[in-house]
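Asks: Next input, structure requested:
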Amino acid sequence: MSLLLIAALVFKGLAILLLGRVAWLDFSTQRISNRDVLLLLCLGLGTLQFHSLQTGSWLEMGISAIGGVILFAALFPFWLLRKVGAGDVKLMSVMPFLIGGTDLVVFSVLLLAFAIATAAVVKNPFLLPAGMFRHYVQHLDRKGVVPFGVPISAAAICAIALQMYYALRVATSSGILQQLN
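Replies: Residues are numbered from 1 along each chain as shown. As a prediction, this is how the structure comes out:
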């Protein structure tokens, strides 16, 4: 059972690194590649599989699948209206698999906070210290583009980090890590 925990933590760590890449590329190019979204989906499915094997329940995977379908169906019309990008829709649809169905509330609260911060920075670039960064954000404001992959990735990174912290805390308090030594 401890190997499943270690594998899940490795997958979550890889997901954090990939989310950082997605955030940077979306910020700099306003593109989220399908390859990155598929890799995140695979990491999320793998982590959910490990969780299902540990708990003996497939409920988490079912909740995540339903959440992914609902998010895709809810955001697809906004893509048709050109309010959000296709990469943002796909990335949001993968989040329930990556975060898990039970932690979507934490992810949603973090996403709201990061989205408000992103909108505030884009609308008020004078709050930023660096001139070049301010110039870039003003350019984004003139184009009417907001890299929504950045707050999605930031919220997911924070939610996954909290999950990892909680898993490690439970593992150390229950003696699982002591069994490895």
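Asks: can you list the weak-confidence ranges in the protein?
Replies: Applying pLDDT under 70 to the chain picks out residues 1, 125-144, 174-181.
Asks: Where do the helices of it begin and end?
Replies: 2-29, 34-55, 59-80, 86-99, 104-123, 131-143, 149-174, 176-180 (DSSP state H).
Asks: I'd like these laid out as TSV, including mean neighbour count.
Replies: Heads up, the C-betas are built off the backbone N, CA and C, glycines and all. Supplementary listing: the helices of the chain in TSV, determined by neighbours: other C-beta atoms under 10 Å:
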stretch	mean neighbour count
helix 2-29	17
helix 34-55	18
helix 59-80	15
helix 86-99	23
helix 104-123	16
helix 131-143	13
helix 149-174	18
helix 176-180	12
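Asks: how near is the most centrally placed residue in the chain to L81?
Replies: The residue lying closest to the centre of the chain (C-alpha atoms, centre = their mean) is A156, at 2.9 Å. Using C-beta to C-beta, to the nearest Å, A156 is found at 25 Å from L81.
Asks: thought S52 was touching W58?
Replies: Yes - counting by C-beta atoms under 8 Å, W58 is a contact partner of S52 at 5.2 Å.
Asks: Near G101, how many other residues are there?
Replies: Neighbours of G101 under the rule other C-beta atoms under 10 Å: 19.
Asks: Report the contact partners of it.
Replies: L59, E60, G62, I63, S64, I66, G67 (C-beta atoms under 8 Å, 6 or more residues apart in numbering).
Asks: same question, V145
Replies: V145 sits next to Q30 when contact means C-beta under 8 Å, 6+ apart.
Asks: measure it to I152 for me?
Replies: V145 sits 15 Å away from I152, going by C-beta to C-beta.
Asks: And for M95?
Replies: For M95 relative to I152 (C-beta to C-beta), the value is 7 Å.
Asks: Please apply the same query to G101.
Replies: Counting by C-beta to C-beta, the gap from G101 to I152 is 17 Å.
Asks: Then R82?
Replies: To I152, R82 is 18 Å away according to C-beta to C-beta.
Asks: Please apply the same query to G85.
Replies: Here the criterion is C-beta to C-beta. By it, G85 lies 11 Å from I152.
Asks: swap in L112?
Replies: Taken as C-beta to C-beta, the span from L112 to I152 is 11 Å.
Asks: Please list all residues in contact with M92.
Replies: Residues in contact with M92 (C-beta under 8 Å, 6+ apart) are L71, F72, L75, I152.
Asks: just T102 next, same as before
Replies: Residues counted as contacts of T102 (C-beta under 8 Å, 6+ apart) are E60, I63.
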